[in-house]
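Visitor: Prediction below, plus the sequence it came from.
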Amino acid sequence: MADADEGPIQVHLVAGGKYHDIDYARLELLKLFATEPRIRASVDSDYRNTARLAECRLLVTYTCDLMPTPAEAAAIRAWLEAGGRWLALHGTNSILRFLEDGRVDSPAERDDVMALLGTQFVAHPPIGPFTVRVRKPEDPLVAGERDFEVIDELYLSRTLSPLDVLLDATFTGEATGFVEANWQDAEVPILYRCRHGKGAVLYFTLGHCRGHYDVAALVPFWTHPERCAWNYPVYHRILARCLAWGLGRID
């Protein structure tokens, strides 16, 4: 337990976007924050409150198809380079465009944001089981963990910045329904760091969730809610370490 005179830790959460149960993810993340009594969290559904970052040690995002404006991205970059930490989760790096033929495109139109995040989502195969490999077992973010199997969305991405990969997977097959559908021997980062000046981004791609009404524009009622990695203790253990990283307790 931290000493009482160390004071509060300011954290800003952006939870918003499309096609996911953002309410569920927001609640789970706030429950995680509550395990550290010093955290004082603010919550928004977009990136407009960049002034808040100046007060914060950590930015946490759980979004899908939600980008900061160029001015907001520039403010985030300046904050990162000055020492801020950004824990980016699941769909934060996604831009989705539904084409007339029903396929989904992920256009490379915001490299200013994706260079900060280190990657851009391109596609994912249908939700199913895959093995997550522990690439740096000596790193405190994953120390003591072994390779594990999880049922989730496997995020296939393009890389824009140097990555320090801690967890990854491999994939050969079809990302059904996406423009870039065919993948061969892809090395897929799952958890990685990306440094910017005095600060850094930590990206964890697992954690898809969807409720009955989160794709109502496409399917009026989604029959089976999806919780994916949120169902696994290993995900919660690593996510708790990601929070510790964001608070400066893990480097």
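Guide: Structure's in. What do you need? The structure presented is a predicted model; accordingly, all values stated were derived computationally and were not measured.

Visitor: Can you classify S42 as helix, strand or coil?
Guide: Under DSSP: H, G, I helix; E, B strand; the rest coil, the three-state class of S42 is strand.

Visitor: and the closest residue to it other than its chain neighbours, how many neighbours does it have?
Guide: Leaving aside its sequence neighbours, S42 sits nearest to H12 (CB to CB, 6 or more residues apart in numbering; 5.1 Å). C-beta: built from backbone N, CA, C; applies to glycine. Per other CB atoms under 10 Å, the neighbour tally for H12 reads 23.

Visitor: swap in the one 4 residues further on?
Guide: G16 has 19 neighbouring residues, counting by other CB under 10 Å.

Visitor: Wait, it touches T63, no?
Guide: Yes: G16 is within contact range of T63, at 5.5 Å (criterion: CB atoms under 8 Å).

Visitor: what touches both of the two?
Guide: By CB atoms under 8 Å, 6 or more residues apart in numbering, G16 and T63 have these common neighbours: I22.

Visitor: Quick one: classify F221 as helix, strand or coil.
Guide: Quick answer, by three-state DSSP: F221 is coil.

Visitor: Can you report how many residues neighbour it?
Guide: So F221, with other CB under 10 Å, has 8 neighbours.

Visitor: so what's it closest to, chain neighbours aside?
Guide: Closest to F221 by CB to CB, 6+ apart is H212, at 5.7 Å.

Visitor: Does the one you found touch W222 like I think?
Guide: Yes: using CB under 8 Å, H212 is in contact with W222, at 5.2 Å.

Visitor: quick one: which of the two has more around it?
Guide: For H212 versus W222, neighbours defined as other CB under 10 Å are more numerous around W222 (17 against 14).

Visitor: Tell me which residues touch the more buried one, please.
Guide: Here W222 is in contact with 210-215 (criterion: CB under 8 Å, 6+ apart).

Visitor: Could I get these in TSV, plus columns for distance to R193?
Guide: As requested, the contacts of W222 are exported to TSV (distance: CB to CB, whole Å):
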residue	distance to R193
R210	28
G211	31
H212	36
Y213	35
D214	30
V215	32
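
Visitor: chain center to stretch 234-243: distance?
Guide: Here stretch 234-243 is found 12 Å from its chain centre; the criterion is CA atoms, centre = their mean, to the nearest Å.

Visitor: Now it: buried residues?
Guide: Residues of stretch 234-243 classed as buried by neighbour count (16 or more other CB atoms under 10 Å): 234-235, 238-239, 241-243.

Visitor: related to what we said a few turns ago, doesn't the residue nearest to S42 lie inside a helix?
Guide: No: counting by three-state DSSP, H12 falls outside a helix, being strand.

Visitor: which stretches of the stretch 51-200 of the chain form helices?
Guide: Listed in chain order, the helices of the stretch 51-200 of the chain (DSSP state H, counting those that start in this stretch) span residues 70-81, 111-117.

Visitor: and R195, which of those is closest to it?
Guide: Closest to R195 of the helices of the stretch 51-200 of the chain is helix 70-81 (CB to CB; 8.9 Å).

Visitor: most residues in a single helix of this protein, which one?
Guide: helix 233-246 (DSSP state H).

Visitor: So, low pLDDT: which residues of this protein?
Guide: Scanning the chain for pLDDT under 70 picks out 1-5.

Visitor: now the strands for the stretch 1-150 of the chain?
Guide: Ranges of strands in the stretch 1-150 of the chain, per DSSP state E, counting those that start in this stretch, are 9-17, 39-44, 58-64, 85-89, 97-98, 104-105, 119-123, 128-134, 148-152.

Visitor: Now render those as CSV, adding distance to T176.
Guide: As requested, the strands of the stretch 1-150 of the chain are arranged in CSV below (distance: least, CB to CB, whole Å):
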stretch, distance to T176
strand 9-17, 22
strand 39-44, 34
strand 58-64, 18
strand 85-89, 24
strand 97-98, 14
strand 104-105, 10
strand 119-123, 9
strand 128-134, 11
strand 148-152, 16
